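Peer 1: prediction below, plus the sequence it came from.
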Number of protein chains: 2
Amino acid sequence: MPRAGLDTAAVVAAGAAIADEVGIANLTMGLLAERVGVRTPSLYKHVAGQEDLVRRIAALALSEAGDAVGGAVQGYAGRDALAAAARAFRAFVLDHPGRYAATIGVEPSGPDDPVATAGGRLLDGFTAVLRGYAIKEPDVDHALRMLRSLCHGFATLQSANGFQWSAEVDESFEWLIAFTDRGLRAL
Amino acid sequence: MPRAGLDTAAVVAAGAAIADEVGIANLTMGLLAERVGVRTPSLYKHVAGQEDLVRRIAALALSEAGDAVGGAVQGYAGRDALAAAARAFRAFVLDHPGRYAATIGVEPSGPDDPVATAGGRLLDGFTAVLRGYAIKEPDVDHALRMLRSLCHGFATLQSANGFQWSAEVDESFEWLIAFTDRGLRAL
DNA sequence: GCTAAAAGCTAATGCTATTAGCCTTAGCTG
DNA sequence: CAGCTAAGGCTAATAGCATTAGCTTTTAGC
């Protein structure tokens, strides 16, 4: 029996891919094993169990989202940066609904938890956006939370096909960016 | 064997209560059966299965959230209405995290789906808030989606203990209400 | 009181995650 | 180059959970 040459990262990446295809709720160890060409119990050599797998997928998703947002912001400031960050974040969630869904309900166990550090890096991307607005220090944290809530809420609601939101969802999203931009500049 | 006098509504209510206590992911048919004083298979006389149960819990949660928001708005207008609605919604999600979590990822099958009608009623509450602002028609839908995204995002992120948000979360929420109010009045 | 549907129950099935224990490969060491 | 060791795989077994089948008992209407 030739060896599969697996490692934890490969298993997690495959799990994230499956989650995007069939939804995180339908990600089963058997499906994952089949995908990576191995029998189910062998997965436990790379991952401590399903819960651990989901945590790792969540950390991966947050890390990738952080890269996407951070990269999109590069070279822009103010409204352009805000729009770039928001669009990049939403695009990521819509392109990878399963792995992003893995982040919902995962609580970081401590500051050193990969989930926490990846989440922090995602926040850094949004922080960079705020730097383009002249915001007084006490407001920065609040504005950050608002940005995160807005993007998270909109993207997950749309990804779940929430509430008959028929067509012009893109239009609503752009409207939302403009609204937020005006509000931030007014601070 | 005396009969338990169950019906679908009682089973769903008990399921929602368990979801709030242990999380929707840990809501098991056995746990629910024990809670309502019946053997597991008997539940299937009232509910088609676990998926159906979760859908019904989601519909209940949306309906209750709609009642909470609608009731809170009564007698207020403008900023007061906005604050009342937002606070009522957040309080509901924090008080009933499990049943609200059931709504995530549930897609209404059609316009007659109880999930859809309950979701619609929740939207009505937010619509009432917007009526207090003089918003031009083409903006109403967008503003509605923004309000929903903001509340959903903030409440679910906090409920999941998202991102080390230490203390002043309440303060951030009030800040967010003020921010939104200013933006809406500027339309 | 009689009947039929509704609401329970026990028993059985099948799927999923997980653990235990064994075997083989790959890489390093003498 | 022989041999040792750890890592990565496998089969077999266990346990929990959802669900179905089929039987029994209550209850409500006639």
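Peer 2: Yes, it's here.
Peer 1: show me which residues of chain A are close to DNA strand C?
Peer 2: A:1-3, A:27-30, A:40-41, A:44, A:49-51 (C-beta under 7 Å from any atom of the strand). Every residue, glycine included, has its C-beta placed from N, CA and C.
Peer 1: report the two of those separated the most.
Peer 2: Spatial extent of the residues of chain A next to DNA strand C (C-beta to C-beta) is set by the pair A:2 and A:51 at 30.2 Å.
Peer 1: so which of the residues of chain A next to DNA strand C wins on neighbours?
Peer 2: Each of the residues of chain A next to DNA strand C was scored by neighbours using other C-beta atoms under 10 Å in any protein chain shown; the highest score is residue A:27's, at 24 neighbours.
Peer 1: make sure residue A:130 is actually in contact with residue A:146.
Peer 2: No. Residue A:130 is beyond contact range of residue A:146, at 10.0 Å (criterion: C-beta atoms under 8 Å).
Peer 1: looking at those two, which is more packed in?
Peer 2: More crowded of residue A:130 and residue A:146, by other C-beta under 10 Å: residue A:146, with 24 against 20.
Peer 1: thinking again about what came up before, take the residues of chain A next to DNA strand C and keep only those in helices.
Peer 2: Among those, the residues falling in helices (DSSP state H) are A:29-30, A:50-51.
Peer 1: a markdown table for those residues, including distance to residue A:98 and pLDDT?
Peer 2: Listed next are those as a markdown table, based on distance: C-beta to C-beta, whole Å; pLDDT from 0 to 100:
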| residue | distance to residue A:98 | pLDDT |
| --- | --- | --- |
| A:29 | 15 | 98 |
| A:30 | 17 | 98 |
| A:50 | 14 | 98 |
| A:51 | 16 | 97 |
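Peer 1: so which residues of chain A form helices?
Peer 2: Under DSSP H, chain A gives helices at A:8-22, A:29-36, A:50-73, A:78-95, A:97-101, A:114-131, A:137-159, A:169-185.
Peer 1: pLDDT at whichever residue of chain A sits closest to chain B, what is it?
Peer 2: Residue nearest to chain B within chain A: residue A:153 (2.5 Å; C-beta to the nearest C-beta). Note on residue A:153: pLDDT of 96.
Peer 1: quick one: it from residue A:86, how far?
Peer 2: Here the criterion is C-beta to C-beta, to the nearest Å. By it, residue A:153 lies 12 Å from residue A:86.
Peer 1: with residue A:19 instead?
Peer 2: 23 Å.
Peer 1: just give the closest residue to the residue of chain A closest to chain B, not the sequence neighbours.
Peer 2: Closest residue to residue A:153 apart from its sequence neighbours, by C-beta to C-beta, 6 or more residues apart in numbering or on different chains: residue B:153 at 2.5 Å.
Peer 1: equivalent analysis for residue A:18, please.
Peer 2: Closest residue to residue A:18 apart from its sequence neighbours, by C-beta to C-beta, 6+ apart: residue A:27 at 5.3 Å.
Peer 1: correct me, but the one you found touches residue A:17?
Peer 2: No. Judged on C-beta under 8 Å, residue A:27 makes no contact with residue A:17 at a distance of 9.8 Å.
Peer 1: low-confidence ranges in chain A?
Peer 2: Counting by pLDDT under 70, chain A contains low-confidence ranges at A:1-2, A:161-167.
Peer 1: put together CSV for the helices of chain A, with distance to residue B:34 on each row.
Peer 2: Shown next, in CSV, are those (distance: least, C-beta to C-beta, whole Å):
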stretch, distance to residue B:34
helix A:8-22, 31
helix A:29-36, 28
helix A:50-73, 24
helix A:78-95, 38
helix A:97-101, 30
helix A:114-131, 33
helix A:137-159, 33
helix A:169-185, 43
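Peer 1: right, so the ones you listed: which one is the most enclosed?
Peer 2: helix A:97-101 (a mean of 25; mean count of other C-beta atoms under 10 Å in any protein chain shown).
Peer 1: ok, back up a step: tabulate the residues of chain A next to DNA strand C in TSV, adding columns for distance to DNA strand D.
Peer 2: Converted to TSV, the residues of chain A next to DNA strand C look like this (distance: C-beta to the nearest atom of the strand, whole Å):
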residue	distance to DNA strand D
A:1	5
A:2	9
A:3	5
A:27	16
A:28	11
A:29	11
A:30	11
A:40	7
A:41	3
A:44	7
A:49	13
A:50	12
A:51	14
